[in-house]
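1. structure, please.
(2 chains)
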Amino acid sequence: GAVVSQHPSWVICKSGTSVKIECRSLDFQATTMFWYRQFPKQSLMLMATSNEGSKATYEQGVEKDKFLINHASLTLSTLTVTSAHPEDSSFYICSPQDVYEQYFGPGTRLTVT
Amino acid sequence: QKEVEQDPGPLSVPEGAIVSLNCTYSNSAFQYFMWYRQYSRKGPELLMYTYSSGNKEDGRFTAQVDKSSKYISLFIRDSQPSDSATYLCAMSGAAGNKLTFGGGTRVLVKP
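-> Residues are numbered from 1 along each chain as shown, chains lettered A, B, ... in the order given. Next up, the predicted model:
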(Lines give C-alpha, C1' and ligand atoms only; values in the text may rest on other atoms or scores of the structure.)
Protein backbone atom coordinates (compact mmCIF):
# COMPACT_ATOMS: atom_id res chain seq x y z
CA GLY A 1 0.00 0.00 0.00
CA ALA A 2 0.92 3.65 -0.32
CA VAL A 3 3.19 5.02 2.37
CA VAL A 4 3.00 8.61 3.51
CA SER A 5 5.28 10.13 6.11
CA GLN A 6 5.03 13.37 8.01
CA HIS A 7 7.73 15.06 9.99
CA PRO A 8 7.74 16.00 12.75
CA SER A 9 4.99 13.95 14.38
CA TRP A 10 4.77 16.40 17.28
CA VAL A 11 6.18 19.88 17.67
CA ILE A 12 5.97 22.44 20.42
CA CYS A 13 6.88 26.00 19.58
CA LYS A 14 6.65 29.41 21.12
CA SER A 15 4.15 31.99 20.02
CA GLY A 16 5.48 34.10 17.16
CA THR A 17 7.81 31.49 15.71
CA SER A 18 7.37 29.57 12.46
CA VAL A 19 7.05 25.84 12.07
CA LYS A 20 7.57 23.73 8.97
CA ILE A 21 5.84 20.40 8.49
CA GLU A 22 7.05 18.00 5.81
CA CYS A 23 4.93 15.46 4.00
CA ARG A 24 6.46 12.78 1.79
CA SER A 25 4.87 10.14 -0.39
CA LEU A 26 7.42 7.36 -0.16
CA ASP A 27 6.35 4.95 -2.87
CA PHE A 28 4.19 6.94 -5.27
CA GLN A 29 4.04 10.31 -6.94
CA ALA A 30 1.48 12.78 -5.67
CA THR A 31 0.08 14.97 -8.39
CA THR A 32 -2.14 16.72 -5.89
CA MET A 33 -1.65 17.41 -2.20
CA PHE A 34 -4.37 18.24 0.29
CA TRP A 35 -3.64 19.72 3.71
CA TYR A 36 -6.14 19.31 6.51
CA ARG A 37 -6.42 20.63 10.02
CA GLN A 38 -8.24 18.79 12.77
CA PHE A 39 -9.16 20.20 16.16
CA PRO A 40 -9.84 17.85 19.09
CA LYS A 41 -12.99 15.78 18.65
CA GLN A 42 -13.73 17.44 15.33
CA SER A 43 -13.54 16.28 11.77
CA LEU A 44 -10.92 17.09 9.18
CA MET A 45 -11.14 20.55 7.69
CA LEU A 46 -9.55 21.10 4.32
CA MET A 47 -7.11 23.99 4.38
CA ALA A 48 -5.68 24.00 0.89
CA THR A 49 -5.07 22.03 -2.27
CA SER A 50 -1.89 22.17 -4.29
CA ASN A 51 -0.63 20.66 -7.50
CA GLU A 52 3.03 20.04 -8.12
CA GLY A 53 4.74 23.20 -9.28
CA SER A 54 1.65 25.38 -8.85
CA LYS A 55 0.44 27.75 -6.20
CA ALA A 56 -1.89 26.30 -3.62
CA THR A 57 -5.61 27.00 -3.60
CA TYR A 58 -6.80 27.89 -0.12
CA GLU A 59 -10.23 27.24 1.35
CA GLN A 60 -12.32 30.15 2.48
CA GLY A 61 -11.17 31.50 5.82
CA VAL A 62 -7.64 30.06 5.60
CA GLU A 63 -4.95 32.75 5.49
CA LYS A 64 -2.57 31.99 2.65
CA ASP A 65 0.13 34.25 4.09
CA LYS A 66 0.00 32.42 7.39
CA PHE A 67 -0.08 28.87 6.09
CA LEU A 68 2.53 28.61 3.35
CA ILE A 69 2.33 25.53 1.21
CA ASN A 70 5.08 24.37 -1.10
CA HIS A 71 4.63 21.42 -3.43
CA ALA A 72 7.94 21.54 -5.21
CA SER A 73 8.11 17.88 -6.19
CA LEU A 74 5.81 14.93 -6.71
CA THR A 75 6.99 13.33 -3.48
CA LEU A 76 7.40 16.26 -1.11
CA SER A 77 5.14 19.02 0.15
CA THR A 78 5.64 21.35 3.08
CA LEU A 79 3.29 23.40 5.21
CA THR A 80 4.82 26.30 7.10
CA VAL A 81 2.82 27.92 9.86
CA THR A 82 4.22 31.42 10.12
CA SER A 83 4.09 33.50 13.29
CA ALA A 84 2.24 30.74 15.10
CA HIS A 85 -0.20 31.55 17.85
CA PRO A 86 -1.88 29.31 20.43
CA GLU A 87 -5.05 29.17 18.35
CA ASP A 88 -3.00 27.47 15.60
CA SER A 89 -2.47 24.51 17.91
CA SER A 90 -4.04 21.62 16.07
CA PHE A 91 -3.44 18.32 14.31
CA TYR A 92 -2.26 18.84 10.73
CA ILE A 93 -2.65 16.03 8.22
CA CYS A 94 -1.38 15.90 4.68
CA SER A 95 -3.12 13.87 2.03
CA PRO A 96 -1.28 13.16 -1.20
CA GLN A 97 -3.31 11.99 -4.13
CA ASP A 98 -2.10 9.44 -6.65
CA VAL A 99 -4.22 9.91 -9.78
CA TYR A 100 -7.62 9.25 -8.17
CA GLU A 101 -6.89 7.77 -4.77
CA GLN A 102 -6.24 9.96 -1.78
CA TYR A 103 -3.97 8.74 1.03
CA PHE A 104 -3.40 10.27 4.44
CA GLY A 105 -0.28 10.96 6.42
CA PRO A 106 0.01 10.09 10.11
CA GLY A 107 -0.44 13.71 11.13
CA THR A 108 1.58 16.33 12.99
CA ARG A 109 0.49 17.63 16.33
CA LEU A 110 1.36 21.30 16.74
CA THR A 111 1.28 22.91 20.16
CA VAL A 112 1.96 26.64 20.36
CA THR A 113 2.75 27.97 23.82
CA GLN B 1 -26.83 22.86 7.66
CA LYS B 2 -23.68 20.86 7.02
CA GLU B 3 -23.30 19.07 3.70
CA VAL B 4 -22.60 15.79 5.48
CA GLU B 5 -24.15 14.92 8.83
CA GLN B 6 -22.84 12.21 11.11
CA ASP B 7 -23.83 11.41 14.67
CA PRO B 8 -20.78 12.12 16.87
CA GLY B 9 -21.58 9.34 19.35
CA PRO B 10 -19.97 7.93 21.34
CA LEU B 11 -21.41 4.60 20.33
CA SER B 12 -20.65 1.93 22.89
CA VAL B 13 -21.18 -1.74 22.07
CA PRO B 14 -20.12 -5.05 23.64
CA GLU B 15 -17.47 -7.12 21.91
CA GLY B 16 -18.97 -9.29 19.17
CA ALA B 17 -21.91 -6.97 18.48
CA ILE B 18 -22.66 -5.36 15.15
CA VAL B 19 -21.67 -1.72 14.89
CA SER B 20 -23.96 0.36 12.71
CA LEU B 21 -22.82 3.76 11.48
CA ASN B 22 -24.43 6.14 9.06
CA CYS B 23 -24.19 9.51 7.36
CA THR B 24 -26.70 11.66 5.55
CA TYR B 25 -25.81 14.23 2.96
CA SER B 26 -27.49 16.99 1.02
CA ASN B 27 -25.44 17.30 -2.17
CA SER B 28 -26.94 15.07 -4.85
CA ALA B 29 -23.75 15.43 -6.91
CA PHE B 30 -21.82 13.15 -4.57
CA GLN B 31 -21.06 9.84 -6.28
CA TYR B 32 -18.03 8.49 -4.45
CA PHE B 33 -18.40 7.45 -0.85
CA MET B 34 -15.70 6.45 1.60
CA TRP B 35 -15.41 5.31 5.17
CA TYR B 36 -12.26 6.00 7.13
CA ARG B 37 -11.12 4.78 10.53
CA GLN B 38 -9.05 7.12 12.67
CA TYR B 39 -7.33 6.15 15.87
CA SER B 40 -6.50 8.88 18.36
CA ARG B 41 -3.74 11.19 17.11
CA LYS B 42 -3.28 9.22 13.91
CA GLY B 43 -4.16 9.90 10.30
CA PRO B 44 -7.32 8.38 8.80
CA GLU B 45 -7.08 5.04 7.05
CA LEU B 46 -9.41 4.02 4.27
CA LEU B 47 -11.79 1.17 5.10
CA MET B 48 -14.32 1.12 2.30
CA TYR B 49 -14.75 2.86 -1.05
CA THR B 50 -18.04 2.76 -2.94
CA TYR B 51 -19.16 4.30 -6.17
CA SER B 52 -22.82 5.27 -6.56
CA SER B 53 -25.57 3.19 -4.93
CA GLY B 54 -25.31 -0.37 -3.73
CA ASN B 55 -23.59 -2.59 -1.21
CA LYS B 56 -19.98 -3.56 -0.81
CA GLU B 57 -18.55 -6.13 1.55
CA ASP B 58 -14.98 -6.60 2.71
CA GLY B 59 -14.39 -9.05 5.52
CA ARG B 60 -16.26 -7.85 8.59
CA PHE B 61 -17.18 -4.54 6.94
CA THR B 62 -20.21 -3.79 4.79
CA ALA B 63 -20.86 -0.42 3.21
CA GLN B 64 -24.23 0.58 1.82
CA VAL B 65 -25.14 3.59 -0.26
CA ASP B 66 -28.70 4.74 -0.94
CA LYS B 67 -28.43 7.75 -3.23
CA SER B 68 -32.20 8.17 -3.44
CA SER B 69 -32.30 8.80 0.31
CA LYS B 70 -28.86 10.45 0.45
CA TYR B 71 -27.91 7.99 3.15
CA ILE B 72 -24.84 5.81 3.59
CA SER B 73 -24.08 3.16 6.17
CA LEU B 74 -21.18 1.12 7.47
CA PHE B 75 -21.68 -2.11 9.39
CA ILE B 76 -18.96 -3.83 11.37
CA ARG B 77 -19.69 -7.44 12.25
CA ASP B 78 -18.17 -9.31 15.18
CA SER B 79 -16.76 -6.09 16.58
CA GLN B 80 -13.47 -6.23 18.47
CA PRO B 81 -11.96 -3.86 21.04
CA SER B 82 -9.41 -2.96 18.36
CA ASP B 83 -12.29 -1.49 16.35
CA SER B 84 -12.59 1.26 18.96
CA ALA B 85 -11.84 4.41 16.99
CA THR B 86 -13.49 7.33 15.28
CA TYR B 87 -15.16 6.51 11.97
CA LEU B 88 -15.43 9.21 9.35
CA CYS B 89 -17.56 9.15 6.26
CA ALA B 90 -16.37 11.15 3.26
CA MET B 91 -17.70 11.77 -0.21
CA SER B 92 -16.92 13.52 -3.45
CA GLY B 93 -18.57 14.37 -6.70
CA ALA B 94 -15.92 12.92 -8.95
CA ALA B 95 -12.86 10.72 -8.63
CA GLY B 96 -9.94 12.85 -7.61
CA ASN B 97 -12.07 15.71 -6.32
CA LYS B 98 -11.64 17.00 -2.80
CA LEU B 99 -13.45 15.08 -0.11
CA THR B 100 -16.22 16.37 2.11
CA PHE B 101 -16.07 14.72 5.52
CA GLY B 102 -18.70 13.99 8.11
CA GLY B 103 -17.96 14.95 11.67
CA GLY B 104 -17.00 11.42 12.70
CA THR B 105 -18.56 8.93 15.09
CA ARG B 106 -16.57 7.71 18.06
CA VAL B 107 -17.01 3.98 18.62
CA LEU B 108 -16.09 2.10 21.77
CA VAL B 109 -16.14 -1.70 21.75
CA LYS B 110 -16.09 -3.04 25.29
CA PRO B 111 -14.49 -6.43 26.00
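2. can you pull the contacts of the residue nearest to B:Met34 when sequence neighbours are not counted?
-> Nearest residue to B:Met34 in three dimensions, chain neighbours excluded: B:Ala90, at 4.5 Å (C-beta to C-beta, 6 or more residues apart in numbering or on different chains). Quick note: C-beta positions are derived from backbone N, CA and C, even for glycine. If you count contacts by C-beta atoms under 8 Å, 6 or more residues apart in numbering or on different chains, B:Ala90 has them with B:Val4, B:Phe33, B:Met34, B:Trp35, B:Tyr36, B:Leu99, B:Thr100, B:Phe101, B:Gly102.
3. for these, which one is nearest chain A?
-> Taking C-beta to the nearest C-beta as the measure, chain A sits nearest to B:Phe101 out of those, at 4.7 Å.
4. now do that closest one, the pLDDT please.
-> The pLDDT attached to B:Phe101 in the predicted structure is 94.
5. one more: B:Phe75?
-> Reading off the confidence values, B:Phe75 has pLDDT 98.
6. any buried residues in the helix or strand hosting it, and which?
-> If you go by DSSP states H and E, B:Phe75 is part of strand B:71-76. Counting neighbours by 16 or more other C-beta atoms under 10 Å in any protein chain shown, one finds that the buried residues in strand B:71-76 are B:Ile72, B:Ser73, B:Leu74, B:Phe75, B:Ile76.
7. strand partners (parallel or antiparallel) of it?
-> For strand B:71-76, the pairing partners within the sheet under DSSP bridges are strand B:19-25 (antiparallel), strand B:61-66 (antiparallel).
8. what helix or strand is B:Val109 located in?
-> With DSSP H and E as the test, B:Val109 turns up in strand B:105-110.
9. elements contacting that strand?
-> strand B:11-14, strand B:19-25, strand B:85-92 (3 or more C-beta pairs under 8 Å, 6 or more residues apart in numbering or on different chains; DSSP states H and E).
10. wait, what's in contact with A:Asp27?
-> With contacts defined as C-beta under 8 Å, 6+ apart, A:Asp27 is in contact with A:Ala2, A:Val3.
11. how near is it to A:Ala2?
-> Distance check for A:Asp27 against A:Ala2: by C-beta to C-beta, to the nearest Å, it reads 6 Å.
12. good, we can wrap up now.
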